[in-house]
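Peer 1: everything below, folded, please.
(one chain, ligands or ions: 1)
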Amino acid sequence: MKLLTEAQKRQFDEQGYLFPLRAFDAAQAATYRERIEAYERSVGHDANRTLKIKGHLAFPWLMEIATNPRILDAVEDLIGPDILLFGASIFAKDGRDARYVSWHQDSAYFGLTPHREVTAWVALSEASAMHGCLRVAPGTHRGPALQHVETFAQDNMLAKGQALQGIDEAAAVEMPLAAGEFSLHHEQMAHSSLPNRAADRRIGFAFFFIPAEVRSVSGQGRATLVRGTDRFGHWQPDDLPRFDLDPVAMRQLQASWGAYKDGEVKQAADLDPVE
Ligand SMILES: O=C(O)CCC(=O)C(=O)O
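Peer 2: From the prediction side, this is the model:
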C-alpha cells in the first residue's frame, strides 16, 4: 500500500468513498484557486462554463494537480499501478449560491467498462457542509445502474440536470474538506451537493482515473497515462497543454465538452448491456 491503510481501502471497497486525504497545503490550494480566478477574470465568465470533462487540458498546472503523488498513491492503492486520467471537471459554486448538484452516478454517462473508475475531488477552497460539500449515498457503488431523469433544471450544475429519484437523504454522508484535501468516490456511487450557504466560494476539481484495462464502450477514447504502463492500448493519448490555454489542447477540450453537453450521450441504463 502506498498511502492508504488497509482499513481505508476496506472502507472504500465496502462503502464506495473515502475522505479526507491531504494532497497539498492550504497555501498551495490558494495558489491554484488564484490561477482559476485569474482565468475567470480574463475570459469574463465562471470556469464551470468551460473547464469540464477534459478540463485538465487547459493548463499544465491542472496536470500538476492530476499527477500529485499523494493523489496518485491513494488511487493506486484502489485501482492498481497502471493509471490513466480520462477526464477532469471543475465544480465551482459562488458564495451564497443556489446552484446544486442532483443525485447521480457518474457511471451512467462515463461510458466505461468495467466500472472501476475512481474520482478524486480536490478542494481548492474550503468545502464544508455549509459550503455545499460533496455528499454520497453509501453502498450505491455496488450498482445497479440507476435510471436518471434528465431535468435540465436551471440551478442544477450538471449538464443535463440528471437526477436519481428515491435516494434516502437520511442515509447521505457529507464529505467536508479543507482547502488542499481530497475525497475519493467510486464511479457508481450516487453523489450530490447542496447550495453554498457560506460567504466564500466553494471550488473543487474532480479528476477521473481508471486502471489501464478499462475501456470506453463507444470506441477508442482519449486519456493520459499518469502512472505505470498501458499494456492494453484502449486509449489514444490526449493533447496535453504545452503552455496555458494551448490551442491544440483547447481544441480537444472544447470538442469533448461540446459532444458531452450538446450531443446524444446516452445514460448507461438506456443502453444495451455490454458485459
Ligand atoms: O462538486 C460537486 O458538487 C459535484 C461533483 C461531482 O458530481 C463529481 O465529482 O462527480
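
Peer 1: this structure against the ligand: which residues are in contact?
Peer 2: Phe91, Val101, Asp106, Thr119, Trp121, Leu134, His191, Ser193, Gly204, Ala206 (CB under 6 Å from any ligand atom). Where you see a C-beta, it was placed from the backbone N, CA and C, and this is true even at glycine.

Peer 1: from the residues you listed, which ones fall inside strands?
Peer 2: Assigned to strands by DSSP state E, the following of the residues of the chain next to the ligand qualify: Phe91, Val101, Thr119, Trp121, Leu134, His191, Ser193, Gly204, Ala206.

Peer 1: most surrounded residue in those residues?
Peer 2: Among these, the one with the most neighbours (other CB atoms under 10 Å) is His191, at 29 neighbours.

Peer 1: can you tell me the closest non-neighbouring residue to that one?
Peer 2: Val136 (4.8 Å; CB to CB, 6 or more residues apart in numbering).

Peer 1: for Thr140, same thing?
Peer 2: Nearest non-adjacent residue to Thr140, counting by CB to CB, 6+ apart: Ala190, 4.0 Å away.

Peer 1: pLDDT at the closest residue to Ile83 other than its chain neighbours, what is it?
Peer 2: Using CB to CB, 6+ apart and skipping residues adjacent in sequence, the residue nearest Ile83 is Arg227, 4.4 Å away. For Arg227, the model assigns a pLDDT of 98.

Peer 1: OK, contacts around Arg227?
Peer 2: Arg227 makes contacts with Thr67, Leu72, Glu76, Pro81, Asp82, Ile83, as judged by CB atoms under 8 Å, 6 or more residues apart in numbering.

Peer 1: next one: phi and psi at it?
Peer 2: Here is the backbone geometry of Arg227 (degrees, to the nearest 10): phi -160, psi 140.

Peer 1: which of the ones in strands among the residues of the chain next to the ligand lies closest to Ala26?
Peer 2: Set against Ala26, the nearest of those by CB to CB is Gly204 (14.5 Å).

Peer 1: good, wrapping up.
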